[in-house]
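Q: here's a sequence, model it:
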Amino acid sequence: MVDTDDAISKAKAAMSERADLPGMSLMEHLEELRKRIVHSAMYLVAGFAVAYVFHEKLYGIVQHPLDKLGIKLNYTHPMDPLNLYLQVSLIGGAIIASPFILYQVWLFIAPGLFQKEKRFVIPFMSATLALFLTGASFGYFYVMPGALKILILDFGNKFNPVVTIEEYTGFFLSIILGLGISFEMPILIFFLALFGIVSPRFLWKNIRYAILAVFIVAAVICPSPDPWTMCIYAVPMLTLYMIGIGVAWWVHPSRKKAKETT
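A: Residues are numbered from 1 along each chain as shown. You can find the predicted model right below:
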């Protein structure tokens, strides 16, 4: 309880320091938010247009895990093939536009940062994109093939698989996007620590709850009830949490104050 109160008091102190930064009115914040959303939407549309040119190749990427099992996608509605092309083009366009969209996010939060903190813009954008692609790649090359093999060849070996576009696309995106987003944990911790909301000590003392949460997520995405397989999925996320503790120690305001006093 004392640690929690101490973390809250430190967060309030950090926020009070930021209150000294040049402020913006509510309407100015809303106008800035609208501007960033409009610009991000424009970049997303442009990325979608570029990705749609290669929609058949993108479909081939989505279909590849099933091709290795000799299974073709089926559809039950005339719009399903078009919807698939649109979905893969939208995801591909979002990845293409992500550096520009991330820069819009940075421009929105930059007024709340000190000048010395704004130097993180390039590391922020690079790390965010790299972590997402790492998580998505982990899902595509390891989780997805393993899940299909276990679910179709092992549990479903006595049945004839009829995999529809709609169901497979949802399954595919839930794994790829879910792991890509979960790999952003160090970035989330970075901002929470930067604004003094969490501290390295707080993260370390509550690591048992983080381990529990990580294994719950691993149990959801893991296609096999085997605990060893679940551990394979949990270890990268636990590693990212430990990296996040290091990031929190690096950017937390208390460390900066300690350096200034020395």
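Q: which regions of the chain sit below the pLDDT cut-off?
A: Across the chain, the stretches falling below the confidence threshold (pLDDT under 70) are 1-25, 112-117, 221-226, 229, 253-262.
Q: which residue ranges make up the domains of it?
A: Taking automatic domain parsing as the domain assignment, the ranges for the chain are 23-181, 184-262.
Q: okay if I get those domains as a markdown table plus mean neighbour count?
A: Every residue, glycine included, has its C-beta placed from N, CA and C. Putting those into a markdown table (neighbours: other C-beta atoms under 10 Å) gives the following:
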| stretch | mean neighbour count |
| --- | --- |
| domain 23-181 | 15 |
| domain 184-262 | 16 |
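Q: would you enumerate the residues in contact with the most centrally placed residue in the chain?
A: Within the chain, the residue whose C-alpha comes closest to the C-alpha centroid is residue 181; the distance, by C-alpha atoms, centre = their mean, is 1.9 Å. In this structure, residue 181 makes contact with 132, 135, judged by C-beta atoms under 8 Å, 6 or more residues apart in numbering.
Q: got the phi and psi for residue 164?
A: Backbone torsions for residue 164, taken as degrees, to the nearest 10, come to phi -90, psi 160.
Q: remind me what whichever helix in the chain runs longest packs against, helices and strands.
A: With secondary structure taken from DSSP state H, the chain has its longest helix at helix 80-109. Taking 3 or more C-beta pairs under 8 Å, 6 or more residues apart in numbering; DSSP states H and E as contact, the helices and strands that helix 80-109 lies on are helix 26-53, helix 55-67, helix 121-138, helix 165-182.
Q: quick one, which of the ones you listed gets closest to residue 96.
A: In terms of C-beta to C-beta, the element of the helices and strands packed on helix 80-109 nearest to residue 96 is helix 26-53, at 3.9 Å.
Q: report the angle between the closest one and helix 80-109.
A: With axes from the mean of the first three to the mean of the last three C-alpha atoms, to 10 degrees defining the directions, helix 26-53 sits at 140 degrees from helix 80-109.
Q: got the angle for helix 26-53 vs helix 55-67?
A: Going by the same axes, to 10 degrees, helix 26-53 makes 80 degrees with helix 55-67.
Q: before we move on, which element is residue 191 in?
A: helix 185-194 (DSSP states H and E).
Q: heading C-terminal from that helix, find the next helix or strand.
A: Following helix 185-194 in sequence order, the next helix or strand is helix 200-205 (DSSP H and E).
Q: which other helices and strands does the helix or strand following that following helix contact?
A: Sequence order places helix 207-221 as the next helix or strand after helix 200-205, per DSSP H and E. Using 3+ C-beta pairs under 8 Å, 6+ apart as the contact criterion, the neighbours of helix 207-221 among helices and strands are helix 165-182, helix 227-251.
Q: for the longest one, packing partners?
A: It stands for helix 227-251. The contact analysis (3+ C-beta pairs under 8 Å, 6+ apart) places helix 227-251 against helix 185-194, helix 200-205, helix 207-221.
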